[in-house]
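Chemist: following is a predicted model, sequence given first.
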Amino acid sequence: MATAEKRDVTLSTMCENLAAFAVDREDIKQLLATLPADDTVNLVTVEYELQLLKIISAGWAINVYMDGKPEKETLAENFWLIIREFSKNLSETLHLTTGAEVDYFEALKERLNTYLAAMEEAGSGEPVQAVGPKFASLCGSPDNAFVTLNGARLFHLTSTAVQEYVGSVEIVAETV
């Protein structure tokens, strides 16, 4: 059985790649397209919550799949610093275009705590089993199987992608 050779990346490149993946919206658009037309589902809310969930899932997966590696803390910290800057820019843009005061990073922190509490409450089972229903509840559609499935699917796809990326790279020293 052949094993794929790992690619060499610097820690900063790895952080940038993971943050870019976390804010990319292509998979979110694809998931939204799978929702059947339903007047009881607010698609704007679902889209907003999917973006929050994707970023949170990537950050969560970094902590889980880098566990025991010496670069974990630096990678996680730098990932969240990039996300904080993204959030600041998004909040400023929203304020300029709508006049609304929005702290997107604070929303991310609140959602992270909400999902972590749901995972803890669910116990030792698969985290995805807690995330899907909590996602649907946050979207105002707690009984909608399609919304629940979309949240669970995005969490699973995002965390799996981070796991695969972490396993496919070898962190090397920064070159000056």
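Modeler: On my side now, so go ahead. Numbers count the residues shown, from 1 in each chain.
Chemist: now the strands for this structure?
Modeler: 7-10, 169-172 (DSSP state E).
Chemist: the last one pairs with which strands, and in what direction?
Modeler: What it means is strand 169-172. Sheet pairing for strand 169-172, assigned by DSSP bridges, gives strand 7-10 (parallel).
Chemist: which parts of the partner strand are buried?
Modeler: Residues of strand 7-10 classed as buried: V9 (neighbour count, 16 or more other CB atoms under 10 Å). Glycine gets a C-beta too; all of them are placed from N, C-alpha and C.
Chemist: what mean pLDDT would you report for it?
Modeler: The pLDDT scores in strand 7-10 average 94.
Chemist: start from the N-terminal end of this structure and give the helices.
Modeler: Listed in chain order, the helices of the chain (DSSP state H) span 11-23, 26-33, 43-65, 72-98, 104-122, 127-138, 145-168.
Chemist: of all those helices, which one is nearest E5?
Modeler: helix 145-168 (9.3 Å; CB to CB).
Chemist: helices or strands next to the closest one in the packing?
Modeler: helix 11-23, helix 26-33, helix 43-65, helix 127-138 (3 or more CB pairs under 8 Å, 6 or more residues apart in numbering; DSSP states H and E).
Chemist: can you put these in CSV and add distance to I82?
Modeler: Output for these, formatted as CSV (distance: least, CB to CB, whole Å):
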stretch, distance to I82
helix 11-23, 4
helix 26-33, 19
helix 43-65, 10
helix 127-138, 23
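Chemist: looking at these, which is closest to T158?
Modeler: Taking the helices and strands packed on helix 145-168 one by one with CB to CB, helix 43-65 is closest: 3.8 Å.
Chemist: chain center to the closest one, what's the gap?
Modeler: With CA atoms, centre = their mean, to the nearest Å as the basis, helix 43-65 stands 3 Å off its chain's centre.
Chemist: ok, now stretch 159-170?
Modeler: Stretch 159-170 has its C-alpha centroid displaced from the chain centroid by 14 Å (CA atoms, centre = their mean).
Chemist: now that stretch: buried residues?
Modeler: Neighbour-count burial for stretch 159-170, counted by 16+ other CB under 10 Å, picks out 159, 161-162, 165-166, 169.
Chemist: so, low pLDDT: which residues of this structure?
Modeler: Across the chain, the ranges flagged by pLDDT under 70 are 1-3, 176.
Chemist: again, only using 90
Modeler: Applying pLDDT under 90 to the chain flags residues 1-5, 36-40, 94-102, 122-126, 173-176.
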